[in-house]
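Asker: structure for this input, please:
(2 chains)
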There are 2 protein chains.
Amino acid sequence: MNKIVPPSSPDHVTTGPIQGSVKAWSSPPGRTDIRVPFREIALDPSANEPPVRVYDTSGPYTASPPHGDVHRGLPRIREKWIAARDTHDVTPRAVRPEDNGFATGSQLVPPCPAPHTVREGQDGKLVTQLEHARAGIITEEMIYAAHRENLGRAEMVAGAEERRADGEDFGASIPAFITPEFVRSEIAAGRAILPANINHPELEPMVIGRNFLVKVNANIGNSAVTSSVAEEVEKMVWSIRWGADTVMDLSTGRNIHNIRDWIVRNAPVPIGTVPLYQALEKVGGVPENLTWEVFRDTLIEQAEQGVDYFTIHAGVRLRHVPLTANRVTGIVSRGGAIMAGWCLHHHRESFLYEHFAEICDIMRRYDVSFSLGDGLRPGSIADANDAAQFAELETLGELTKIAWEHGCQVMIEGPGHVPMHKIRVNVEKQLRECGEAPFYTLGPLTTDIAPGYDHITSGIGAAMIGWFGTAMLCYVTPKEHLGLPDRNDVKTGVITYRIAAHAADLAKGHPAAQLRDDAISRARFDFRWNDQFKLSLDPDTACAYHDETMPREAHKSAHFCSMCGPKFCSMRISHDLRENAARQAGLEQKKEEFREGGNRLYVPRSLCGTNDETKQPA
Amino acid sequence: MNKIVPPSSPDHVTTGPIQGSVKAWSSPPGRTDIRVPFREIALDPSANEPPVRVYDTSGPYTASPPHGDVHRGLPRIREKWIAARDTHDVTPRAVRPEDNGFATGSQLVPPCPAPHTVREGQDGKLVTQLEHARAGIITEEMIYAAHRENLGRAEMVAGAEERRADGEDFGASIPAFITPEFVRSEIAAGRAILPANINHPELEPMVIGRNFLVKVNANIGNSAVTSSVAEEVEKMVWSIRWGADTVMDLSTGRNIHNIRDWIVRNAPVPIGTVPLYQALEKVGGVPENLTWEVFRDTLIEQAEQGVDYFTIHAGVRLRHVPLTANRVTGIVSRGGAIMAGWCLHHHRESFLYEHFAEICDIMRRYDVSFSLGDGLRPGSIADANDAAQFAELETLGELTKIAWEHGCQVMIEGPGHVPMHKIRVNVEKQLRECGEAPFYTLGPLTTDIAPGYDHITSGIGAAMIGWFGTAMLCYVTPKEHLGLPDRNDVKTGVITYRIAAHAADLAKGHPAAQLRDDAISRARFDFRWNDQFKLSLDPDTACAYHDETMPREAHKSAHFCSMCGPKFCSMRISHDLRENAARQAGLEQKKEEFREGGNRLYVPRSLCGTNDETKQPA
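Answerer: Purely as a prediction, here's the structure:
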């Protein structure tokens, strides 16, 4: 491992606004103390349209001036809210050499100097968002998340009911306007989670559930081949810049405690981890040496740091392991393989399963949400929807109820590799078995034959499963199955999954989702090239691709592009056609003839016109 | 426009085998005169598996030694078959200056020197594949295509019936084994086409229909900003190398006649065009100057060259144009916009619609298949499934019947931009209106907000619409809406669409589709890295991505990759687990205990074992 260089200047992370937009904040009615971030995209004056507001996950890094000094940590916007509840400061668990893989001297990354007070909830008091929700209490986090889901709208958008009716939601119940009370009721019912560790005051709250916008998770992590602290923090900042709603830190190896410290203190999004990975490091990487005590210690360690959700592979039971024996690809989840190895070696039931109630007690104390891991997810088309996968899912349903009894928030992880025709039953079974707890799936990949393109094989499955009811999609990068993703891969993965999530929101009939599609389509039709770039998920790439063949600034208002050239531009012809039509006096009469001619599809609206109608936001 | 350089050496096109495979040929039973190409992928001896055979569209360019001299043209494998039928040689239409956009001197590309005899069918005789099929005649092309669909299998693959039953085919009827008689009957019913102009003897026949493998089309074309002849031929060769089943030449501007000549003489796949583009060039690019005579002349010109299918926008009727007036993006099909402009200018019904029977007569004479264009397809989510789109589709249904009456083969073009929940009704309506004629769709794009990534927004829609019953998917590249695709974009587009088509084949339950997924999954589980690369859709990229972090040859058998590192490789743990289990004598007893414990999902098969079962091709 090379010497690790801790971040020493703000230059280490990417800051500044996303091309063509500015960071804006909006407060929910009557709560000026709560400031919810958005991005606002101002359009060309010729459009005569108000700015388009889009959901923003990127944190203060894209503000002007940006937050960029990772030594300070982010503003602790939740601090007061948390302090007003029934939690108390505790002396944190002392950091041990094994927490950082016994790294010493120049190999040891220093902890993040940002201030951090550790809190714990109390027995018999309300701690988790679920407990508050059940008690009928609307927390500040719920108000924040509700306003965010509405994209800052103060009220119902025009046409929202029609859009809802137009979609096909497979039993979801997306309201035309999200109220804080709706967020509360969804959390109370277990249908949504608001992952927000009380030790992560820097968090900008968000909600995960099938009646909300579909969310995206990006995985980061150093792996054995490593990277520096700065790189790890930058991976998180880079992921959220392009739209990751949560980030899982899957690091292994040395320094993971301290690297995690830097990440959480600088993360405006929920951070998830798989504590089993660190626990395994602590016992030298030998699965059979794992113990409940080491695992328990790791849970507390990470919960105190402020991790918002833990993947817990408690559904891999000893009795499930034989079900994987004749699979084509065995067990492909790292956590699943580790637990299966432990169970078989000791001929014992999983310690995660046996100690599940204690795990709940610990996680409740900090409001760490469960992400119940799918350790037996299929790793190939051949293994999709098999007995091992579904047996584990049934166990996850059982565990969901236990976690709920303990006041914990729960989501459920899902596959994996699944051909298209077997996707929907996954959602149906998950909703049934797990009492509608939010589903959180990896892809699924719809074929195995395209390594190097698995963001696409899985983006197909992700869009579909999101439509069917999955609440959060875990991204897959082009490097899946092949190696560690680099910066470009992470961006490609996030953008691909933002596409999948947005396609799902559109298909479900989310009331505001189509506003952005309509705005970019109007820009396209009006040849407002810069507006088209600004409204796109990745303005940099859209602009760069355009400029490859038409680089000049004058081309940004050209009424054609290099794809078809001026003579064959259908949109230009379409414009000419409207203009000509407007001039043709005899047209109305012609239309009358057609109407009489029995064209049943004819819609009697003005053919010509100034196109003003489409200039208003729908 | 720069000076055009005609290809002068074989170096101008990409030749040589695709990494890890060799070109092979297989003859249908009893027909050694017919040689159907495949690619064979030999696996590592440790796999103890037979080579995997995959469908091959790449033509003689990937043979050893390759065909690479584009001056000679490809071998005319259909020449004898065609000569034995009722067609006769004709004196070809003389090439006119306007055919090449009045290019002269050094600007004029010479015609391709490969020999080409022009033929015509006769009235009252059998010419088209449809006419032969209806007469009960199985042509050589049908035998060829049937064998190709079976991937060269001589008989039904084991488990094929089960795979069929496992899929969800939405009313398709894919047999477990494709016989020539089945191909004939599908063509006779109009449910499939075999695009094969009698003037394209170089063609390697293939079939398009929903009961066959889903096909992919790639568009190439020079656009106004141009490129050289060599570049255009190379675009075709490059597209089919990565899996394009047909190629549409959408060139405009100068030299298109001669460039097309080079392309067709060197194309082993069906070539499609939009004759309207060239007709428009001939009248100086002014839509209203188009006449039936110019169009008719262009049809004959291109049919004599050997173009296999024509997009004909005869469904854009005068009465449909007003239906587009209030659209967000108007008319986005170039052909649609041109015809709408013509109709409005002249206040007349479309000359394509009025002369449709004559168009049929011409196309029948050469067996040029119809691709009935969707000139009013939606160009945005807002316009999907609207009155204009569906009115045109109904007209296309009407025209389909007329074309069939004239003995012509027909497929139907489809959208466009469609959110996921509105995709399926497109297929259902198309099948109903058009008598189950094959559907050929562009994407559809499932959202408008990701220019630069429209191969992905549309790949999602393409996979779904392919599953629902679309027979051929027209690719979309990352440059869609932004500019002219380059070489990398073409490859990315083709691979993305091969993923979509294959995902659709798997979901439909194509009996042999999963063989490749299973082979690559076994390779993955066995850490046969080279086999994994070879079996992938893009071996070059898969290998390069792997080698970025683990470049050494020894890493090709490493039992881990850089993604998780050695300690956390679930597959390695999974292997260890199987091996350990095999050693554990007491295991059987344990299993007995669980069975008695009431695990209803327990499947009593040997947990351990040598994994030999998975080493046989399923």
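
Asker: burial count for A:Pro115?
Answerer: By other C-beta atoms under 10 Å in any protein chain shown, the residues close to A:Pro115 number 9. For the C-beta atoms, the positions are set from N, CA and C on the backbone; glycine is no exception.

Asker: doesn't it fall inside a helix?
Answerer: No - secondary structure of A:Pro115 (DSSP: H, G, I helix; E, B strand; the rest coil): coil, not part of a helix.

Asker: name the nearest residue to it, sequence neighbours excluded.
Answerer: In space, A:Pro115 comes closest to A:Gly73 once its chain neighbours are excluded; the distance is 7.2 Å by C-beta to C-beta, 6 or more residues apart in numbering or on different chains.

Asker: quick check on that neighbour: phi, psi?
Answerer: phi 80, psi 170 (degrees, to the nearest 10).

Asker: so what pLDDT did it get?
Answerer: Per-residue pLDDT puts A:Gly73 at 94.

Asker: was I right about it contacting A:Cys112?
Answerer: Yes - counting by C-beta atoms under 8 Å, A:Gly73 does reach A:Cys112; the two are 6.6 Å apart.

Asker: any common contacting residues for the two?
Answerer: Shared contacts of A:Gly73 and A:Cys112, defined by C-beta atoms under 8 Å, 6 or more residues apart in numbering or on different chains, are found at A:Arg265, A:Asn266.

Asker: for chain A, what's the longest helix?
Answerer: helix A:487-508 (DSSP state H).

Asker: what is it packed up against?
Answerer: If contacts are counted by 3 or more C-beta pairs under 8 Å, 6 or more residues apart in numbering or on different chains; DSSP states H and E, helix A:487-508 sits against strand A:215-220, helix A:229-241, helix A:454-468, strand A:472-474, helix A:513-525, helix B:454-468.

Asker: so how far is that helix from its chain's centroid?
Answerer: Relative to its chain's centre, helix A:487-508 lies at 9 Å (C-alpha atoms, centre = their mean, to the nearest Å).

Asker: give the buried residues for that helix.
Answerer: Neighbour-count burial for helix A:487-508 flags A:489-508 (criterion: 16 or more other C-beta atoms under 10 Å in any protein chain shown).

Asker: which SSE is the closest residue to chain B within the stretch 51-200 of chain A in?
Answerer: For the stretch 51-200 of chain A and chain B, the shortest gap (C-beta to the nearest C-beta) falls at A:Glu168, measuring 4.0 Å. For A:Glu168, there is no enclosing helix or strand under DSSP states H and E.

Asker: how close does the residue nearest to it when sequence neighbours are not counted get to B:Asp386?
Answerer: Nearest residue to A:Glu168, sequence neighbours excluded (C-beta to C-beta, 6+ apart): B:His421, at 4.0 Å. Separation of B:His421 from B:Asp386 (C-beta to C-beta, to the nearest Å) stands at 15 Å.

Asker: now do A:Glu281
Answerer: Distance check for A:Glu281 against B:Asp386: by C-beta to C-beta, it reads 58 Å.

Asker: higher neighbour count, these two?
Answerer: Remark: of A:Glu281 and B:Asp386, A:Glu281 carries more neighbours, 24 against 18, as counted by other C-beta under 10 Å.

Asker: next up, the contacts around that one.
Answerer: The neighbourhood of A:Glu281, defined by C-beta under 8 Å, 6+ apart, consists of A:Glu98, A:Gly101, A:Thr252, A:Gly253, A:Ile256.

Asker: check A:Glu433 too.
Answerer: Neighbouring residues of A:Glu433 by C-beta under 8 Å, 6+ apart: A:Leu393, A:Glu394, A:Leu396, A:Gly397.

Asker: quick check: the last one is in a helix.
Answerer: Yes - secondary structure of A:Gly397, determined by three-state DSSP: located in a helix.

Asker: how many neighbours does A:Glu349 have?
Answerer: So A:Glu349, with other C-beta under 10 Å, has 12 neighbours.

Asker: so what's it closest to, chain neighbours aside?
Answerer: Ranked by C-beta to C-beta, 6+ apart and with sequence neighbours excluded, the top spatial neighbour of A:Glu349 is A:Leu318, at 5.2 Å.

Asker: try A:Asp245
Answerer: Closest to A:Asp245 by C-beta to C-beta, 6+ apart is A:Lys215, at 3.9 Å.

Asker: residues in a beta bridge with that neighbour, which ones?
Answerer: Beta bridges link A:Lys215 to A:Met472, judged by DSSP bridges.

Asker: and the gap between it and chain B?
Answerer: According to C-beta to the nearest C-beta, to the nearest Å, A:Lys215 and chain B sit 16 Å apart.

Asker: burial count for that residue?
Answerer: Neighbours of A:Lys215 under the rule other C-beta under 10 Å: 27.

Asker: that one touches A:Leu194, doesn't it?
Answerer: No - A:Lys215 is beyond contact range of A:Leu194, at 11.6 Å (criterion: C-beta under 8 Å).

Asker: list residues touching both of these two?
Answerer: Residues touching both A:Lys215 and A:Leu194 (C-beta under 8 Å, 6+ apart): A:Met206, A:Ile208.

Asker: show me what contacts the nearest residue to A:Ala189 once chain neighbours are set aside?
Answerer: By the measure of C-beta to C-beta, 6+ apart, the closest residue to A:Ala189 outside its immediate chain neighbours is A:Glu436, 7.2 Å from it. A:Glu436 makes contact with A:Ala189, A:Gly190, A:Arg191, A:Arg210, according to C-beta under 8 Å, 6+ apart.
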